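Asker: Sequence and computational prediction follow.
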Amino acid sequence: MRARERAVSPRRARRPPRPSDRGAGSVLVVGLVAVVALTGLTVLGGAHALVRGQQLSAAADAAALAAGDALLGWVGGEPCEVARRVAEAHAVALADCSSEGLTVLVRVETSILGLTVERSARAGAADAAW
């Protein structure tokens with residue numbers, strides 16, 4: 001009888017299991033690392049787009065100046081062909097090239113993060129109105 005009383009005594013009764021917080025720190029660390037990585041990739045993507053945009057502007061300026069030099073006779077060759085070669089050297093595509101009098105207008109384009117971005121530049125003889 002005593003063995004039976006011990007088995008059902010209130011002191012020894014099984015308590016229902018409590019929820020445990022074990023492992024919650026690991027989940028939080030993984031979540032934090034994921035947020036930091038995503039933020040870092042976003043910042044790097046934005047920085048790449050800014051740098052590539054500046055390189056595109058420099059390529060447009062260089063192509064326009066080279067075409068202007070060819071138009072004025074300082075360099076041999078057709079102005080738009082010279083602008084195309086300079087644009088290709090900068091790893092961009094020459095989208096448009098036109099000359100009007102002693103002025104050349106070029107437009108270059110490239111893909112930045114999947115979007116087509118264009119820049120234009122103008123070069124040639126200085127205006128007489130200065």
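Answerer: Okay, I see it.

Asker: Next up, phi/psi of the closest residue to residue 82 other than its chain neighbours, please.
Answerer: Among residues not flanking residue 82 along the chain, residue 70 sits closest, at 4.3 Å (CB to CB, 6 or more residues apart in numbering). No exception for glycine: its C-beta is placed from N, CA and C like everyone else's. Note on residue 70: backbone dihedrals following degrees, to the nearest 10 are phi -70, psi -40.

Asker: All the strands of the protein, residue numbers only.
Answerer: 93-100, 103-112, 115-124 (DSSP state E).

Asker: pLDDT value on the residue nearest in space to the middle of the chain, please?
Answerer: By CA atoms, centre = their mean, the chain has its centre lying nearest to residue 49, at 3.1 Å. pLDDT, residue 49: 91.

Asker: is it true that it touches residue 111?
Answerer: No - using CB atoms under 8 Å, residue 49 is not in contact with residue 111; the gap is 10.9 Å.
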